[in-house]
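Enquirer: Here's my sequence, what's the structure:
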Amino acid sequence: HLSVTIRRAEGLRGTPEGVVACLRVTKPGRFNSDEPSFIETKACSGVNPVFDQTLSFTTPEIRRESEDDHILQIVLWNNEGIDREKDLKTFLGEIMLSLKALSDWDAIPVDQQFDLRQVNFATAPAPTGKLFVELKYQLHRTRKERETRVREKLSASVIRSATQAAA
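Expert: Next up, the predicted model:
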């Protein structure tokens, strides 16, 4: 299960009257296919839009040691219209994240800011700005497995902090 909270975006290119965030979870290399995967859209207005909206996806079980992977793709568009083929000027930027990487943080919310990039839309104008999101990826583990994993993460964090303080 993957929960994505889009907090806000800042410093977007141009002066969009509104911004649409499209989220999808798919296999690598499938971004331009007609396969719908999981697609959700949320609209928000303003130059520095504040979304504060959460979307949840039922995802395949992807662990760090898995051979398979899936990618979370978040694309921001100016809501003048979304037409990937004909009107790339509405593209504002994207981020792409591996679920394998998120599996290390099983059931622990991660607040993160990302620079908007241009991976799949090379002919669009270069994006600017940042996207602020909270991610929570929960593997299909038992409660005991999750509690042990959280204790391990917290112990490692405490040890790192103590080591840095001593240095």
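
Enquirer: And the helix or strand where Ala21 lies, what does it pack against?
Expert: Using DSSP states H and E, Ala21 maps to strand 18-26. Strand 18-26 is packed against strand 2-10, strand 38-45, strand 50-57, strand 71-78, with contacts defined by 3 or more Cβ pairs under 8 Å, 6 or more residues apart in numbering; DSSP states H and E. Placement of C-beta: from N, CA and C, glycine included.

Enquirer: Turn these into CSV, including mean neighbour count.
Expert: Formatted as CSV, the helices and strands packed on strand 18-26 follow (neighbours: other Cβ atoms under 10 Å):
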stretch, mean neighbour count
strand 2-10, 19
strand 38-45, 15
strand 50-57, 16
strand 71-78, 23
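
Enquirer: Now Met155: which helix or strand?
Expert: I think there's a mix-up here, since residue 155 is Ser and not Met. When elements are defined using DSSP H and E, Ser155 is found to belong to helix 143-166.

Enquirer: quick one: average pLDDT of that helix?
Expert: Averaging pLDDT along helix 143-166 gives 64.

Enquirer: what's the closest of the helices and strands packed on strand 18-26 to Met96?
Expert: Shortest distance between Met96 and these, using Cβ to Cβ, is found for strand 71-78: 5.1 Å.

Enquirer: ok, the residue nearest to Phe91 when sequence neighbours are not counted to Cys22 distance?
Expert: Of all residues not flanking Phe91 in the chain, Ala124 sits nearest, at 3.9 Å (Cβ to Cβ, 6 or more residues apart in numbering). Going from Ala124 to Cys22 by Cβ to Cβ, to the nearest Å gives 14 Å.

Enquirer: In terms of neighbours, single out the busier of those two.
Expert: Each of Ala124 and Cys22 has its neighbours counted (other Cβ atoms under 10 Å); Ala124 has more, 19 against 16.

Enquirer: Under a three-state scheme, what state does Ala101 occupy?
Expert: Here Ala101 is recorded as helix under DSSP: H, G, I helix; E, B strand; the rest coil.
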